[in-house]
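Colleague: Provided below are the primary sequence and the corresponding predicted coordinates.
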Amino acid sequence: MAICKPQIRLRSVRGCASSVRASYVPENGGERTRVGRVYLVGTGPGDPGLLTLRALHLMQTADVVLYDRLVSPDILQMVHQGAKMVYVGKEKSFHTRKQEEIHQLMQFFAEEGASVLRLKGGDPYVFGRGGEEMEYLEDKGVKVYCVPGITAAAGIGAELGIPMTHRGLATSVRFLTGHLRTDGSVPIDNLHHVNGEETTLVVYMGLSTLPELVEKLGEGGMKPDTPAVAVERGTLPEQRAVFAHLSQLCDEVGAAHLESPTLIVIGEVVSLAPGWKKRKEGVWEGLAGDKPTSVAEYVAALHPVDALKPHERTQHK
């Protein structure tokens with residue numbers, strides 16, 4: 001597969017849905033010659049090196065790309081130049097498009113015969129509303145496929161040296177969302193049963209509700225000295241991590257002025273991270289291992305491996 005050379009550009013369309021639809025002209029001049037498809041694609045926590053090969057292939061071939069705020073700029077540079085880019089990002093208290101409008105845009109482009117890439121941070125089916133989009137499109141008769149991405153818990157855990165499970169420390173993992181419900185309540189009820197278990201808690205989008213989370217965990221009996229970490233922009237060069245005991249986490253996060261997106265991990269497995277041992281030195285910014293730091297370096301590393309003939313392969317016994 002040929003890889004387009006990255007250039008610094010962002011060819012996005014941000015008008016209302018009607019203007020976006022009006023501006024789209026298929027390559028065949030408007031005649032529908034094929035049935036379009038929609039691909040819900042996860043890009044992982046941000047590091048381009050964590051993309052799947054399937055995701056990269058679709059980024060190089062899609063006609064239209066609808067992308068989220070959490071898709072890193074380096075990953076967007078890997079979309080081919082000919083794709084129509086439509087920004088559909090969301091952040092707290094500000095949505096450029098409602099979810100219903102995103103549904104309608106995907107349906108429109110697919111019905112026009114386009115190959116539509118719905119590009120998401122993390123994994124589409126882990127707090128990514130991928131299930132809602134799949135249901136809507138299938139109800140409208142649109143063929144939809146999901147390409148999984150490395151969810152933030154796995155990617156950031158690996159980056160920091162935090163296993164989600166570990167013999168003697170954690171036999172289960174629980175993913176939580178910190179987003180407020182539509183009625184304004186915090187969706188972190190019924191946590192009392194995890195406090196006596198070997199469970200790792202991972203909270204997505206939980207920065208704004210962190211005080212309520214810590215309070216409820218304390219009320220449920222979780223020990224104040226339980227290891228915890230809050231990670232801003234995990235796996236990216238700008239990554240910052242604050243390690244602290246549960247009782248001190250809110251104060252430490254506030255002092256470090258962490259911003260969204262921030263992932264929170266709570267549990268004994270956090271104590272295994274190198275950053276936990278160095279937590280008294282302040283905010284830990286270390287990255288695990290040597291790796292490319294720019295999209296250009298990643299693309300330069302994407303070269304075909306010479307295929308060996310069967311008789312040339314080394315046999316290991």
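Modeller: Right, received. Where do you want to start? Residues are numbered from 1 along each chain as shown.
Colleague: Tell me which stretches of the protein form strands.
Modeller: Using DSSP state E, the strands of the chain run over residues 12-13, 37-42, 64-67, 84-87, 90-91, 94-95, 115-120, 143-147, 172-177, 199-204, 227-232, 240-245, 262-266.
Colleague: so where's the stretch 51-200 of the chain shaky on pLDDT?
Modeller: Residue ranges of the stretch 51-200 of the chain with pLDDT under 70: 91-96, 180-196.
Colleague: still on that earlier bit, please render the strands of the chain as a markdown table that adds mean neighbour count to the earlier fields.
Modeller: (Each C-beta comes from the backbone N, C-alpha and C, glycine too.) Output for the strands of the chain, formatted as a markdown table (neighbours: other C-beta atoms under 10 Å):
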| stretch | mean neighbour count |
| --- | --- |
| strand 12-13 | 15 |
| strand 37-42 | 24 |
| strand 64-67 | 26 |
| strand 84-87 | 20 |
| strand 90-91 | 14 |
| strand 94-95 | 11 |
| strand 115-120 | 26 |
| strand 143-147 | 17 |
| strand 172-177 | 16 |
| strand 199-204 | 23 |
| strand 227-232 | 26 |
| strand 240-245 | 22 |
| strand 262-266 | 26 |
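Colleague: Including distance to residue 274, could those strands go into TSV?
Modeller: Below are the strands of the chain laid out as TSV (distance: least, C-beta to C-beta, whole Å):
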stretch	distance to residue 274
strand 12-13	38
strand 37-42	27
strand 64-67	33
strand 84-87	37
strand 90-91	31
strand 94-95	36
strand 115-120	30
strand 143-147	32
strand 172-177	21
strand 199-204	18
strand 227-232	12
strand 240-245	10
strand 262-266	14
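Colleague: Compare the ones you listed and give me the one nearest residue 75.
Modeller: strand 115-120 (7.9 Å; C-beta to C-beta).
Colleague: Direction included, what does the closest one pair up with?
Modeller: Applying DSSP bridges to the sheet, strand 115-120 is found paired with strand 37-42 (parallel), strand 64-67 (parallel).
Colleague: With residue 275 as the reference, name the closest of the strands of the chain.
Modeller: strand 240-245 (5.3 Å).
Colleague: tell me which strands and helices the closest one is in contact with?
Modeller: Secondary-structure packing of strand 240-245 (3 or more C-beta pairs under 8 Å, 6 or more residues apart in numbering; DSSP states H and E): strand 227-232, helix 246-256, helix 274-277.
Colleague: before we move on, the earlier item: is it possible to get JSON lines of the strands paired with strand 115-120 that adds distance to residue 85?
Modeller: JSON lines is the format used below for the strands paired with strand 115-120 (distance: least, C-beta to C-beta, whole Å):
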{"stretch": "strand 37-42", "distance to residue 85": "14"}
{"stretch": "strand 64-67", "distance to residue 85": "5"}
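Colleague: Looking at those, which is nearest to residue 121?
Modeller: The nearest among those, by C-beta to C-beta, is strand 37-42 at 7.5 Å.
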